[in-house]
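Trainee: turn this into a model:
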Amino acid sequence: MFIGSRRGRAKSASPSLSPEAKEAIIRASYRTILHRQADPVGLQNHLCLSGDTPEIFRAQVAGSLSSSEEAILLRYPGRVVRSDDDITEFLKQGALAESSSPETLREYLDSHWFEPPSFDADPQSDAYTQGQMALYQRLSGFTYSLERERFKFDMQVALKSPYPYNTGSAWAVGDQLVAWGSIIRSMALAPGASVLEMGLGWGSVALQMAQMGYAVTGLDIEPQYVDLVRHRAQQIGVSIDLVLGDFFSVEQMDRKFDAVLFFESFHHCADHIRLLDHMPRLLNPGGKLVFAGETVDRRLPYPWGINCSGHGVWAICTHGWLELAFREDYLLDLLSGRGWKVTKHDSESSATAITYVCERA
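Mentor: The predicted model follows:
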């Protein structure tokens, strides 16, 4: 069962929207549909449309583009990367952008995408998974293994300025701060609740929850991340139970939690169906399974697979990480078919803040 979107604010009694509200919706629609800001011409054109509800405006923004030569932008914006030579040039220019600034790299990656091959197999079949792993190998040059998920960094630098602060980017810091608050608000856990964060990375959300008095457990495959979060917790005087291991090490856990959180981590799992099947065993009665900041897109042209956005391909090629993306209806069907009722908490200011809260139906 899919409940739909909650925006965390009361709806107006009147269906009419102010010009300012209309502009905000249009800009958000462009970000959602095209992954870019609304240009002045497009903004003016859609301000003149007759629709006066968010649903109508979003439909009009999408519909006007669908009937034009820009329809491809409903899938991905920007330049298409197809051949191996294209990939080589993409990486070369990306390195130049990275040397300039994090903002320059982000803008460059936003403007590129890789055209994936089509896969006719059942998306839940071994053949489909093997096809995706072959694509990963083509992009990364490696056969995938869990060791590819490791990430080395300077511990002393990270203690002083962990991600996102180490980017120096107002956009990145603001985006993450919005996401952390939205996730905690959407989870809406009772005081003192127990939480397991899967793949906690830099640990920022786990630390926020620990400061709220939640009993937090964090799991990660990278020893440096575990050490970093331990030191960060000590710095602010909170306790987090830290576990070194991969996602499937939870199959040996004998504890249950009030919530299990995936924040920017589920899309690194090579066997997402196996992982989803185990989740009920980790939760107390009434517990919540939460996905936030995941690469879920309702317009993805395939059910799930390698994340073919510029950001996904860059991470695969430069770090060797497994970067997957999921079409929203595919993921929702998987969850509802396993007895989950899903509520989507949307965000008009940050895709990273979009949160799916799942409870047993």
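
Trainee: list phi and psi for the spatially most central residue of the chain.
Mentor: Centroid check for the chain by Cα atoms, centre = their mean gives Glu294 as the closest residue, at 2.1 Å. Here is the backbone geometry of Glu294 (degrees, to the nearest 10): phi -90, psi 160.

Trainee: so what's it up against?
Mentor: Glu294 sits next to 262, 264, 266-267, 326, 356 when contact means Cβ atoms under 8 Å, 6 or more residues apart in numbering. For every residue, glycine as well, the C-beta is placed using N, CA and C.

Trainee: ok, so of these, who is nearest Ile26?
Mentor: Tyr356 (25.1 Å; Cβ to Cβ).

Trainee: quick revisit: ok, the residue nearest to the centre of the chain to Arg106 distance?
Mentor: As judged by Cβ to Cβ, to the nearest Å, Glu294 and Arg106 stand 18 Å apart.

Trainee: got it, and Leu159?
Mentor: Distance from Leu159 to Arg106, by Cβ to Cβ: 25 Å.

Trainee: ditto for Arg82
Mentor: 22 Å.

Trainee: now swap in Gly94 and tell me
Mentor: Distance, Gly94 to Arg106, using Cβ to Cβ: 11 Å.

Trainee: ok, now Trp180?
Mentor: Here the criterion is Cβ to Cβ. By it, Trp180 lies 19 Å from Arg106.

Trainee: ok, residues contacting the helix or strand where Leu331 lies?
Mentor: Using DSSP states H and E, Leu331 sits in helix 328-337. If you take Cβ under 8 Å, 6+ apart as the criterion, helix 328-337 is touched by 1-2, 123, 272-273, 276, 296-298, 300, 303-304, 342, 356, 358, 361.

Trainee: number of nearby residues for Tyr288?
Mentor: No, residue 288 isn't Tyr; it's Lys. If you count neighbours by other Cβ atoms under 10 Å, Lys288 ends up with 23.

Trainee: offset the numbering so it begins at 39, please.
Mentor: I'll keep to 39 as the first residue from here, and by that count the last item is Lys326.

Trainee: CA atoms only: put the helix or strand encompassing it into PDB for me.
Mentor: Secondary structure from DSSP H and E places Lys326 in strand 321-330. The C-alpha trace of strand 321-330 is given here as PDB (Å, rounded to 0.1, in the frame of the first residue of the first chain):
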ATOM      1  CA  LEU A 321      12.100  -4.600  13.800                       C
ATOM      2  CA  ASN A 322      10.000  -4.500  17.000                       C
ATOM      3  CA  PRO A 323       6.200  -4.600  16.600                       C
ATOM      4  CA  GLY A 324       5.200  -1.300  15.100                       C
ATOM      5  CA  GLY A 325       8.700  -0.600  13.900                       C
ATOM      6  CA  LYS A 326       9.600   1.500  10.900                       C
ATOM      7  CA  LEU A 327      11.700   0.800   7.800                       C
ATOM      8  CA  VAL A 328      13.000   4.100   6.400                       C
ATOM      9  CA  PHE A 329      14.700   5.100   3.100                       C
ATOM     10  CA  ALA A 330      16.000   8.600   2.600                       C
END
